[in-house]
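[1] following is a predicted model, sequence given first.
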Amino acid sequence: MAEDQIKTLVALVPIFPLLGFLINGFFNKKLPEKLVGIIGSGSVFLSFILSVWSFILLIGLPEHARFIHANWFDWIISGSFAAGFSFLYDPLSSVMMLVVTGVGFLIHVYSIGYMHGDAGYSRYFAYLNLFTFAMLMLVMGDNLILLYLGWEGVGLCSYLLIGFWFHKKSASDAGKKAFIVNRIGDFGFALGVFLIFWTFASAGHPTVSLSEISHLAPELLVAGGGIVTAITLLLFLGATGKSAQIPLFVWLPDAMEGPTPVSALIHAATMVTAGVYMVARLSAVFVLAPVTMAVIAIIGVTTALFAATIGLVQNDIKRVLAYSTVSQLGYMFLACGVGAFASGIFHLMTHAFFKALLFLGAGSVMHALAGELDLRKMGGLRKYMPRTFITMFIATLAISGVPLFSGFFSKDEILYNAFTSQYGHPILWALGLIAAILTAFYMFRLLFMTFYGKSRMDPEVEKHAHESPNAMTVPLMILAVLALIGGYIGLPHALGGGAWFEKFLEPVFSGAHAGASEAAHHSYLVEYLLMFASIIAAGIGILMAYMSYIGNPQRPKALAEKFSGIYKVLLNKYYVDEFYNFIIVQPIVTGSLFLWKIFDVKIVDGIANGSAALIGWISAKSRTVHTGLVRNYALMFVLGVVVLLGFVFFR
Amino acid sequence: MPSLEYYIVLSTILFCIGVWGVLRSRNAIVVFMAIELMLNAVNLSLVAFASHMKGILANIIQNIPADKIPDLIQTSTASGQVYAILVMTVAAAEAAVGLAIIISIYRMKDSVNVDDINIMKW
Amino acid sequence: MIPFVILAVLAIFGAVMVVTRKSPVASAVYLVMVMVILAGLFVLLGAYFLAAFQIIVYAGAIMVLFLFVIMLLNLRKDEFGRDPRVLQKYLGFSFAVLIMIQSVIIVGWAVKDRSGEGQSVAIESLEKTSDAERNEYLSVESVAETLFTRFAYPFEITSVLLLAAILGAVVIARRRSVTNDEEDV
């Protein structure tokens, strides 16, 4: 039976990274570096093989049978509440598992080269394996509790890995920032989970199982009602934290303090997409709340545009990529918000390929330039590191939405859905298109400033500039291939494809797709027109970047001086950090100081010490009762006799 | 012959005078004498009960077979006196030890005033 | 009735004297008097053996011990002066009076309860026991028989108690030297 086989395979998938974590974690520094690398990436590779294997088996099954529940053991049972340690293997989780283990494996391999010689080598791989395990829990969990376990697990690993070089203050601060900002989102997420359970339990179905929730949601929840809106908004708050959307995106750019492969894996390819995954997974609930859908779409497109504008002027190579990630995640949420969950997941996948590639490429550049991050001190690297250049060029084309590359298909599909879907609106499409122009511009700006033009490197650094070792470039090349062809699995009908990816995911979103299927009946003409607009947008962006950074390198400076006000605002990221600092952090600090200095020290300690002092005072006074005089004691004794005899009278 | 109540009231009065003495006297030996007085008051009541056992039993037994009653009276009457004897014995023992303690204290403090003996105070 | 009243008044007078005398020797003498009067009351109650026992053990042995100690310590009267603890003095008196009133009231209740109660069949057989029988029950033979049969065990325990008291008194009262206990025994 293919189904039983899948169950076994799927149950084995998360075990290997867990084992890898345990081995690397417990034998920290006792193992030779080579072995650590082999264990670290080998375990993920085994998971990947199993994922592929079960994926092939899954495709072999008929469409309606592609929902497989595998229960390891009963985890929490309390009264009518039951949460098993069980997995749900369906098209959506199979895709996510492939992305997590596949891209994860490549990044593990890359890390062998990148982290070579680091003091925390095995600690690094232990964290990375733990992250893979937690992420697999997140995407495989069949109930909200298990999903939450994975959700918090990846958050923890993110914190640990951002602050991996914890002796650097900025790194540990960034880790704390990521953790605390995520707490806000997770709080909302947890409330959403509670609210779901409470709502379903009061309707007689105490369940946290994802499949049951999706199944029962249309029945038990009033579409457009207050409860479902509250649930979905709370869940989406969790998603904005994890996936770095407005207003909780501030942690992601700072998260670049971690090692670059970590940025690639956690903060670009996998963890930050958890929010998108969660929204897609609970799409049946989300479609019941049109208000939330609109909020998601608006926040998504706003974030996409907002982060793209910041990305225009940043000079730190990783920060540009970080804002690009925020922007692309905004696209995914835009897709979810307009009901095109499959497109969101599609973009999630292609984004995982090309964004991981970009980060790894940036890591490769840093590796070559002794850790240099500033774009203004690069240039002309094309001839020093041809492999990195070519792969990054492919990734840049992909993210900019140049036709025939993966990003084009996924992004175009999102924009198309934003225009035509019943939840969509031309304004959403227009804003998305502007963001696409900006994306193309800042990505090519990054590419040109890094690899073209005259070298602006320190002569000392330039002398040592070299291509990275194979362990790093081979993953780059594999990812480049994926970034190149990854989009064809979702080739739309209009271009002669079968939209296989969407079809594959269709059963998962069947509950949510009642309305979206109508959109498919738009004429191809609209689709062609929109596609053309996207191509034009990408072209404008690329052309502007070319004119500014290759044609006339003086122009950006002149523009920056001309619009120095806007430039400054963008360079300082709209002062969002300062704003949060002023609005939220400072009052909390002041309030905490007040609570500490006044409330705690004066009142709480005062009560505690005061009561002790009061008891002491009473004792000091009352101990004088003990006169030591036997006559006094006898008197009290006789008083007792009097009282006891008195009881006889009142009996 | 006076009835039981008179003896009991007399015993109570003597006992309370003993209590008064314990609370009033500062001389440890007099305190002891007051205690002896209280013990004697108790003895008086015990013997009074014993010798009025017939009347007492008349009030408390209802369901005892008639042939067992003489035996019961005999045992209870004698028991009252035995108790009194035991009380006297214990009083003798108590007086012996108590006076020994007073002597010991007098050696230490050069006083038998109970108000001087307050080393147990706070 | 008249012998009882005389003895009772004397006993109360003697007891008050025991408590109020300033000289311990006077107190001791009054206590002897109270004990002798109590022995007289025992006689009135028909407990002749106990009356003898009272005079021999109490007035004879215990009171001699008391006087011995008083003599040994060479206590004089007016040793302590006026009692500075006035509250103790008055409260002590009040409490003693309170206990007395309470007890007397309780005895009064008992008398009242008894007078109203009906007589049962058992009473009739009780009525048959004469004064002669009562005196027989109170006799030395009867007491001895009960003491050595039914109360044999408590009796033996009392002897152990007396032994312990003797040893305790010796150990406590002997003069201790600081350096060596054995020398001064």
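    Looks like it came in fine.
[2] which pLDDT value goes with residue 91?
    Reading this off chain A. A:Pro91 carries a pLDDT value of 90.
[3] actually, chain C is the one I wanted.
    Model confidence at C:Leu91 (pLDDT) stands at 90.
[4] isn't it up against A:Asn632?
    No. Applying C-beta atoms under 8 Å as the test, C:Leu91 and A:Asn632 come out as separate, 9.7 Å apart. C-betas here are computed from N, CA, C, even on glycine.
[5] so for the two, which residue has more residues nearby?
    A:Asn632 (21 against 17; other C-beta atoms under 10 Å in any protein chain shown).
[6] gap between the more buried one and B:Asn118?
    Distance of A:Asn632 to B:Asn118, given as C-beta to C-beta, to the nearest Å: 9 Å.
[7] ditto for A:Ala634
    Taking C-beta to C-beta, one finds A:Ala634 at 14 Å from B:Asn118.
[8] what does A:Phe16 give?
    81 Å.
[9] more neighbours, those two?
    Set side by side, A:Phe16 and B:Asn118 show more neighbours around A:Phe16, with 24 against 14, by other C-beta under 10 Å.
[10] what lies in contact with the helix or strand hosting the more buried one?
    A:Phe16 is part of helix A:15-26, with elements assigned from DSSP states H and E. Contacts of helix A:15-26 with the rest of the structure, by C-beta atoms under 8 Å, 6 or more residues apart in numbering or on different chains, involve A:31, A:36, A:39-40, A:42-44, A:46-47, A:50, A:122-123, A:125-127, A:129-130, A:132-133, A:136.
[11] buried residues, it. List them.
    Within helix A:15-26, the residues that qualify as buried are A:Phe16, A:Pro17, A:Leu18, A:Gly20, A:Phe21, A:Ile23, A:Asn24, counting by 16 or more other C-beta atoms under 10 Å in any protein chain shown.
[12] stretch A:392-404 now?
    A:Met392, A:Phe393, A:Ile394, A:Ala395, A:Thr396, A:Leu397, A:Ala398, A:Ile399, A:Ser400, A:Gly401, A:Val402, A:Pro403.
[13] quick one on the thing from earlier: model confidence over the helix holding A:Phe16, on average?
    Computed over helix A:15-26, the mean pLDDT rounds to 92.
[14] how far away from the center of its chain is it?
    23 Å (C-alpha atoms, centre = their mean, to the nearest Å).
[15] give me the next element, helix or strand, following it.
    helix A:33-60.
[16] backbone phi and psi for residue 117, please?
    Going with chain A. phi 90, psi 0 (degrees, to the nearest 10).
[17] um, chain B though
    Backbone torsions for B:Ile117, taken as degrees, to the nearest 10, come to phi -100, psi 90.
[18] do the same with the one 3 residues further on
    Dihedral angles of B:Met120 (phi, psi; degrees, to the nearest 10) stand at phi -90, psi 0.
[19] that one against A:Tyr633, yeah?
    No. Shown here, B:Met120 and A:Tyr633 do not form a contact pair, counting by C-beta under 8 Å, at 9.0 Å.
[20] ok, those two, which is more surrounded?
    A:Tyr633 (14 against 11).
[21] so what pLDDT did that one get?
    Residue-level pLDDT assigned to A:Tyr633 equals 88.
[22] and the one helix or strand it maps to, how far out from the chain middle?
    Following DSSP H and E, one finds A:Tyr633 within helix A:630-649. Relative to its parent chain, helix A:630-649 has a centroid offset of 77 Å by C-alpha atoms, centre = their mean.
[23] then stretch C:92-106?
    19 Å.
[24] stretch A:399-411 now?
    For stretch A:399-411, the distance to the chain centre is 22 Å (C-alpha atoms, centre = their mean).
[25] any idea of the mean pLDDT in that stretch?
    Stretch A:399-411 comes out at a mean pLDDT of 88.
[26] do the same with stretch B:76-85
    Rounded mean pLDDT across stretch B:76-85 is 88.
[27] what stretches of chain B score poorly on pLDDT?
    Counting by pLDDT under 70, chain B shows low-confidence ranges at B:1, B:58-64, B:66, B:122.
[28] can you pull up the most central residue in it?
    Centroid check for chain B by C-alpha atoms, centre = their mean gives B:Leu39 as the closest residue, at 2.2 Å.
[29] for the helix or strand hosting it, C-alpha coordinates in PDB please.
    For B:Leu39, the element it lies in under DSSP H and E is helix B:28-51. C-alpha atoms of helix B:28-51 as PDB (Å, rounded to 0.1, in the frame of the first residue of the first chain):
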ATOM      1  CA  ALA B  28       7.300  28.500  97.200                       C
ATOM      2  CA  ILE B  29       6.700  26.400 100.300                       C
ATOM      3  CA  VAL B  30       3.300  28.000 100.900                       C
ATOM      4  CA  VAL B  31       2.500  27.500  97.300                       C
ATOM      5  CA  PHE B  32       3.200  23.800  97.900                       C
ATOM      6  CA  MET B  33       1.000  23.800 100.900                       C
ATOM      7  CA  ALA B  34      -1.800  25.300  98.900                       C
ATOM      8  CA  ILE B  35      -1.400  22.500  96.400                       C
ATOM      9  CA  GLU B  36      -1.700  20.000  99.200                       C
ATOM     10  CA  LEU B  37      -4.800  21.700 100.300                       C
ATOM     11  CA  MET B  38      -6.300  21.300  96.800                       C
ATOM     12  CA  LEU B  39      -5.400  17.600  96.800                       C
ATOM     13  CA  ASN B  40      -7.100  17.200 100.100                       C
ATOM     14  CA  ALA B  41     -10.200  18.900  98.800                       C
ATOM     15  CA  VAL B  42     -10.300  16.400  96.000                       C
ATOM     16  CA  ASN B  43      -9.800  13.500  98.400                       C
ATOM     17  CA  LEU B  44     -12.700  14.700 100.400                       C
ATOM     18  CA  SER B  45     -15.000  14.700  97.400                       C
ATOM     19  CA  LEU B  46     -13.700  11.200  96.400                       C
ATOM     20  CA  VAL B  47     -14.500   9.800  99.800                       C
ATOM     21  CA  ALA B  48     -17.900  11.600  99.900                       C
ATOM     22  CA  PHE B  49     -18.800  10.100  96.600                       C
ATOM     23  CA  ALA B  50     -17.700   6.700  97.700                       C
ATOM     24  CA  SER B  51     -19.800   6.700 100.800                       C
END
